[in-house]
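K.L.:
fold the following.
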Amino acid sequence: MPREQDEPRTGGRAEVHHPLSERDRATVAALRVDAAPFKGKMSDPSARAPFDAIMEHTPEAVGLVEYEQAVVGGVAGFWCLPHGARSTAAILYLHGGAYLLGSAAAYRHLAGQFAARTDTRVFIADYRLAPEHPFPAALDDAAAAYRGVVATGARQVAIVGDSAGGGLALALLAVAHADAVAGRGAPPAGALVMSPWADLALTGASMTERADEDPMVTRDMLRVASASYLGDHDPRDPQASPLYGNLAGLPPVQLHVGTSEVLLDDTLRFVARARAAGVAATAHVWEGMPHVFPSNIGALDAADQAFDLMAGFLRERLATASDGSRARQDDRATATPSRGTKVLLIGLEPSLVDYASLPTKLDEPTLRAMLAADVRQLRDLGYDAEWLLVDRGETAEAVLSAKLRSETFACVLIGAGIRTIPPLVLLFEKLINVVHERAPGARVCFNTRPDDAAESVQRWI
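P.N.:
Numbering: from 1, shown residues only. Okay, here's the model as predicted:
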């Protein structure tokens, strides 16, 4: 049975200790043998390919999640989209890799497990890596991706990460919280991190005390990675090492760590400091488990049990958004929109579309017919809807800005053609900014196909 360490000041438990099962003891022993050739060697860009190959072995949530490349907030990455996901909640996933390694593509299976188990869409950010892009590039990208996820209509966003991505998640949590307090953004719902690297100064006692037990990570490896990422920057800067930050007021945080890793004390010290600051933070400490052990879901009992706890925590943190979305869905079954509710649909002028590059067979007459059908369907449902068709150039911003100045819209939909075609990503970002500036009260939504705009408006409103 788990052993609990209570700390009444913040409620809940400071630490929950989980014993090692005999089955996991044997599995971990085999994992140690497999990891031995890589121990301490994942500290420069040459390790990117083998690191990605390791992470891609995480089992996929087969048949439950679809993956879609996207650019969110100007940051490339992948959406993990479970069937029936609610638009009002989202998870931002920040991958590990010591700020030098890792990719959204390699982590899509691990992040997809969170999507499947929480029925929540997850965006994995391909933040820029060192040494090509040193501090604070990773945090800048993470913050931009967070704002971008919020801009997709998410009212509750949880931040999840592992290893360096776990430390980055905790740093972003503080930044997003501070922005929200200052009225500059949406508050995060909470954070869930696995084996976070929260102290780039490497001062934890476990750096040496657990050195032999850790099958993959070494202090020297982290020292090299820290120097590559930070250069001469202070490793105790809270935006690099959240352990040293002002943690007061942060939303709840759940952390998972194994006892057989050099980063053990990063978790334990962060939880102690967070709880001293009044934060509802809990560390789940797993006996005998290695670094980011939940990636071994299906192979380790502890990984399966940890995922149950993590998914439960995330569902609870996102419950407000999910419950609100569910209530709106139920209301739609019996309610109709107020007569004349204005909806603006923004799309690319059909004569400018490169039809040969589209993944589905489509031509200009068919596309124009689809657009007209969307408007008819929305008007039949009681909306006052119209399309604004823009070109690829700078005039698109001016045309949209003028439209939003002259009329007030309850909902603005940006079409799939602009959102998903790579050459138009910059245009998509510019149009989003215009909508936020000129129509801050409008609901921003998106469709996934040229013929489902009406369905999307109903779903997002």
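K.L.:
for residue 388, give me phi and psi.
P.N.:
Main-chain torsions, residue 388, degrees, to the nearest 10: phi -110, psi 110.
K.L.:
so it makes contact with residue 346?
P.N.:
Yes - between residue 388 and residue 346 there is a contact under CB atoms under 8 Å: 5.1 Å. Any C-beta I mention is one placed from the backbone N, CA and C, and that applies to glycine too.
K.L.:
what do these two both touch?
P.N.:
Shared contacts of residue 388 and residue 346, defined by CB atoms under 8 Å, 6 or more residues apart in numbering, comprise residue 400.
K.L.:
which of those two has more residues huddled nearby?
P.N.:
With neighbours defined as other CB atoms under 10 Å, residue 388 and residue 346 compare such that residue 346 has more, 23 against 18.
K.L.:
give the other helices and strands that whichever strand or helix holds residue 165 contacts.
P.N.:
In the assignment (DSSP states H and E), residue 165 maps to helix 164-181. Contact here means 3 or more CB pairs under 8 Å, 6 or more residues apart in numbering; DSSP states H and E; on that basis helix 164-181 packs against strand 89-94, helix 137-151, strand 156-162, strand 190-194, strand 253-258.
K.L.:
make sure residue 274 is indeed in a strand.
P.N.:
No - with DSSP: H, G, I helix; E, B strand; the rest coil as the criterion, residue 274 is located in helix rather than a strand.
K.L.:
doesn't residue 281 make contact with it?
P.N.:
Yes - if you go by CB under 8 Å, residue 274 and residue 281 touch, sitting 3.8 Å apart.
K.L.:
which one of those two has more residues nearby?
P.N.:
residue 281 (30 against 26).
K.L.:
wait, the more buried one touches residue 242, no?
P.N.:
No - judged on CB under 8 Å, residue 281 makes no contact with residue 242 at a distance of 11.7 Å.
K.L.:
residues shared between the contacts of those two?
P.N.:
Common neighbours of residue 281 and residue 242 (CB under 8 Å, 6+ apart) are residue 270.
K.L.:
return the helix or strand in this structure with minimum mean pLDDT.
P.N.:
Lowest by mean pLDDT, DSSP states H and E among the helices and strands of the chain is helix 319-332, with a mean of 47.
K.L.:
what mean pLDDT does stretch 74-83 get?
P.N.:
On average, the pLDDT along stretch 74-83 is 94.
K.L.:
so for that stretch, what gets flagged as buried?
P.N.:
For stretch 74-83, a neighbour-count test (16 or more other CB atoms under 10 Å) marks 74, 75, 76, 77, 78, 79, 80, 81, 82 as buried.
K.L.:
closest to residue 378 among those?
P.N.:
Nearest to residue 378 among the buried residues of stretch 74-83 is residue 81, at 23.9 Å by CB to CB.
K.L.:
surely the closest one touches residue 68?
P.N.:
Yes - Residue 81 lies in contact with residue 68 (CB under 8 Å); the separation is 6.1 Å.
K.L.:
and for residue 379, nearest residue in space, chain neighbours not counted?
P.N.:
Spatially, and ignoring its direct neighbours in sequence, residue 379 is nearest to residue 385 (5.8 Å; CB to CB, 6 or more residues apart in numbering).
K.L.:
the one you found pairs with what?
P.N.:
residue 343 (DSSP bridges).
K.L.:
again with the one 5 residues further on
P.N.:
For residue 390, the beta-bridge assignment (DSSP bridges) gives partners residue 348.
K.L.:
isn't it right up against residue 400?
P.N.:
Yes - judged on CB under 8 Å, residue 390 makes contact with residue 400 at a distance of 6.6 Å.
K.L.:
name the residues contacting each of those two.
P.N.:
In contact with both residue 390 and residue 400: 346, 431, using CB under 8 Å, 6+ apart.
K.L.:
next up, the contacts around residue 124.
P.N.:
77, 78, 80, 93, 94, 95, 104, 107, 108, 111.
K.L.:
now distance to residue 231 too, for those residues, in CSV please.
P.N.:
Below are the contacts of residue 124 laid out as CSV (distance: CB to CB, whole Å):
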residue, distance to residue 231
77, 26
78, 29
80, 33
93, 27
94, 21
95, 22
104, 25
107, 26
108, 31
111, 29
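K.L.:
how about the helix holding residue 165 as CSV, C-alpha atoms only?
P.N.:
The C-alpha trace of helix 164-181 is given here as CSV (Å, rounded to 0.1, in the frame of the first residue of the first chain):
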residue,chain,number,x,y,z
ALA,A,164,13.6,19.1,-18.8
GLY,A,165,10.1,19.6,-20.1
GLY,A,166,8.8,19.1,-16.6
GLY,A,167,11.1,21.9,-15.3
LEU,A,168,10.0,24.0,-18.3
ALA,A,169,6.3,23.2,-17.4
LEU,A,170,6.9,24.5,-13.9
ALA,A,171,8.6,27.6,-15.1
LEU,A,172,5.8,28.2,-17.6
LEU,A,173,3.2,27.7,-14.8
ALA,A,174,4.8,30.6,-12.9
VAL,A,175,5.0,32.8,-16.0
ALA,A,176,1.4,32.1,-17.0
HIS,A,177,0.1,32.6,-13.5
ALA,A,178,1.9,35.9,-13.2
ASP,A,179,0.5,37.1,-16.6
ALA,A,180,-3.0,36.1,-15.5
VAL,A,181,-2.7,38.0,-12.3
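K.L.:
what residues of it count as buried?
P.N.:
Buried-residue list, helix 164-181, by 16+ other CB under 10 Å: 164-177, 179.
K.L.:
between strand 253-258 and it, find me the angle.
P.N.:
Helix 164-181 runs at 170 degrees relative to strand 253-258, counting by axes from the mean of the first three to the mean of the last three CA atoms, to 10 degrees.
K.L.:
gap between the residue lying farthest from the centre of the chain and residue 350?
P.N.:
Going by CA atoms, centre = their mean, the residue of the chain most distant from its centre is residue 365, 38.2 Å out. Separation of residue 365 from residue 350 (CB to CB, to the nearest Å) stands at 9 Å.
K.L.:
try residue 80
P.N.:
31 Å.
K.L.:
check residue 206 too.
P.N.:
To residue 350, residue 206 is 60 Å away according to CB to CB.
K.L.:
and what of residue 287?
P.N.:
61 Å.
K.L.:
of those two, which one has the most company?
P.N.:
Legend: neighbour count by other CB under 10 Å for residue 287 and residue 350, higher for residue 350 (20 against 16).
K.L.:
tell me the pLDDT at the more buried one?
P.N.:
With respect to pLDDT, residue 350 scores 81.
K.L.:
give the contact list for it.
P.N.:
Contacts of residue 350 (CB under 8 Å, 6+ apart): 364, 367, 368, 371, 389.
K.L.:
what count of nearby residues applies to the first one?
P.N.:
To tie it back to what came earlier, the one meant is residue 364. The number of residues packed near residue 364 is 13, by other CB under 10 Å.
K.L.:
name the nearest residue to it, sequence neighbours excluded.
P.N.:
residue 350 (4.8 Å).
K.L.:
residue 412 and residue 396: what is the separation?
P.N.:
14 Å.
K.L.:
tell me which of the two has more neighbours.
P.N.:
More neighbours surround residue 412 than the other of residue 412 and residue 396, with 26 against 22 (other CB under 10 Å).
K.L.:
who does that one bridge with?
P.N.:
residue 344, residue 444.
K.L.:
which parts of this protein are strands?
P.N.:
In the chain, the segments counted as strands under DSSP state E are 3-6, 13-18, 65-72, 75-82, 89-94, 121-125, 156-162, 190-194, 253-258, 281-286, 341-348, 383-390, 411-414, 443-446.
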